[in-house]
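Novice: below: sequence and its predicted model.
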Amino acid sequence: MPMGSKLIDLEKRRYSKMKEYAIRQALARLDDERPGFQPHRAVALIAAYEEEGNIGPVLEKMPTSIDGAPYTTIVVVDGGEDRTSEIVRTFSDVVVIEFPVNLGHGVALQVGYRYCIEKGVEAIVTLDADGQNDPVEIPALLRDINDDKSDFVLASRVLGVDTTSNHVRAVGVRVFSTIVNLMTRQRLTDTSTGYRGLRVSMLADVIDRLEQEQYQTSELLITALKRGWRVSEVPTVWHPRQSGTTKKGSNWLFGFRYARVVFATWWRER
């Protein structure tokens, strides 16, 4: 093996070990803080990276129950240098998994998925920490799953209302939905939404195939579709970010990286 390849392989293995260590530290702290904790059958899962200006209002809007049934809110704090974890811990009923370093949005969600799989959770709703998703819609995202009509429910801003002013991003939503539909023979309207209802048995089937540390939305959707899981949509109202700036980069950079994940996942799962 050439020296350059050996160095790259060494760096990958080093990073993998560091990531595993950081995740173990986070889960060990959770066990110390909540020994013997058992979540409810439904979980609202939020990955948060430096969202001190948004996470409090989001958690304040979380419903008290889902169609009369209790549920658990888990926030995976993906490292960062601000007060996000401190603010989340002021909500005594919210479970915190805090990474000591930033590992990426996709890693944060995968850790949340695996935790819920291991704990026997039945359904998860993922939502953003920036205030763009309205938590009042959480029950609608689980209804088709509870009625056994779907395994993966997308909150569609195309079927609903998008109140943001980023027109380039809005066009991108439609373009990528068209591409994913051609790849998977679906008729979905919003394939890049992070506001989703997920059956945990579906996640258990696909979790070991997920690779993306950041742009994971399309990877999860395409993988689930290619493995035969049912996907449906409900309308949503998409709000502007409450404060701060997006962590996704410029429109064109985000579009390039997102497209790369779409095509790489399709090629892998074809």
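Specialist: Great, that's in hand.
Novice: so which residues of the stretch 151-270 of the chain form strands?
Specialist: Shown for the stretch 151-270 of the chain, the strands assigned by DSSP state E, counting those that start in this stretch span residues 152-162, 196-199, 231-238.
Novice: now do the shortest one, average pLDDT.
Specialist: By that I understand strand 196-199. pLDDT averaged over strand 196-199 equals 98, rounded to a whole number.
Novice: so what does that strand touch, helix or strand wise?
Specialist: Under the contact criterion of 3 or more CB pairs under 8 Å, 6 or more residues apart in numbering; DSSP states H and E, strand 196-199 touches strand 123-128, helix 138-146, strand 152-162. C-beta coordinates here come from the backbone N, C-alpha and C atoms, glycine included.
Novice: pull out the buried residues from it.
Specialist: By neighbour count, with 16 or more other CB atoms under 10 Å as the criterion, the buried positions of strand 196-199 are 196, 197, 198, 199.
Novice: what's the answer for the first one, then?
Specialist: Neighbour-count burial for strand 152-162, counted by 16+ other CB under 10 Å, picks out 152, 153, 154, 155, 156, 157, 158, 160, 162.
Novice: quick one, what contacts the residue lying closest to the last one once chain neighbours are set aside?
Specialist: The spatial neighbour of residue 162 that comes closest, neighbours along the chain excluded (CB to CB, 6 or more residues apart in numbering), is residue 238 at 4.5 Å. Contacts were defined as CB atoms under 8 Å, 6 or more residues apart in numbering; by that measure residue 238 touches 132, 133, 157, 160, 161, 162, 163, 164.
Novice: reformat these as a markdown table; add pLDDT and distance to residue 216.
Specialist: As requested, those are arranged in a markdown table below (pLDDT from 0 to 100; distance: CB to CB, whole Å):
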| residue | pLDDT | distance to residue 216 |
| --- | --- | --- |
| 132 | 95 | 17 |
| 133 | 97 | 16 |
| 157 | 95 | 19 |
| 160 | 96 | 22 |
| 161 | 94 | 25 |
| 162 | 92 | 21 |
| 163 | 92 | 25 |
| 164 | 88 | 21 |
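Novice: list just the nearest of these to residue 269.
Specialist: The closest of these to residue 269 turns out to be residue 157 (CB to CB; 25.4 Å).
Novice: where does pLDDT dip in this protein?
Specialist: In the predicted model of the chain, residues 1-8, 246-249 satisfy pLDDT under 70.
Novice: remind me, longest helix of it?
Specialist: Ordering each helix of the chain by length in residues (DSSP state H) puts helix 3-33 first.
Novice: state the distance from the residue nearest to residue 162 to residue 133.
Specialist: Taking CB to CB, to the nearest Å as the measure, residue 238 falls 8 Å from residue 133.
Novice: put the alpha carbons of stretch 64-75 into PDB.
Specialist: Extracted in PDB, the C-alpha atoms of stretch 64-75 (Å, rounded to 0.1, in the frame of the first residue of the first chain):
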ATOM      1  CA  THR A  64     -47.800  17.700  26.800                       C
ATOM      2  CA  SER A  65     -48.800  14.400  25.200                       C
ATOM      3  CA  ILE A  66     -49.300  12.800  21.800                       C
ATOM      4  CA  ASP A  67     -53.000  12.100  21.300                       C
ATOM      5  CA  GLY A  68     -53.300  11.700  25.000                       C
ATOM      6  CA  ALA A  69     -50.300   9.400  25.400                       C
ATOM      7  CA  PRO A  70     -47.100  10.300  27.100                       C
ATOM      8  CA  TYR A  71     -43.900  10.500  25.100                       C
ATOM      9  CA  THR A  72     -40.200  11.300  25.700                       C
ATOM     10  CA  THR A  73     -38.200  14.200  24.400                       C
ATOM     11  CA  ILE A  74     -34.500  13.500  23.800                       C
ATOM     12  CA  VAL A  75     -32.000  16.300  22.700                       C
END
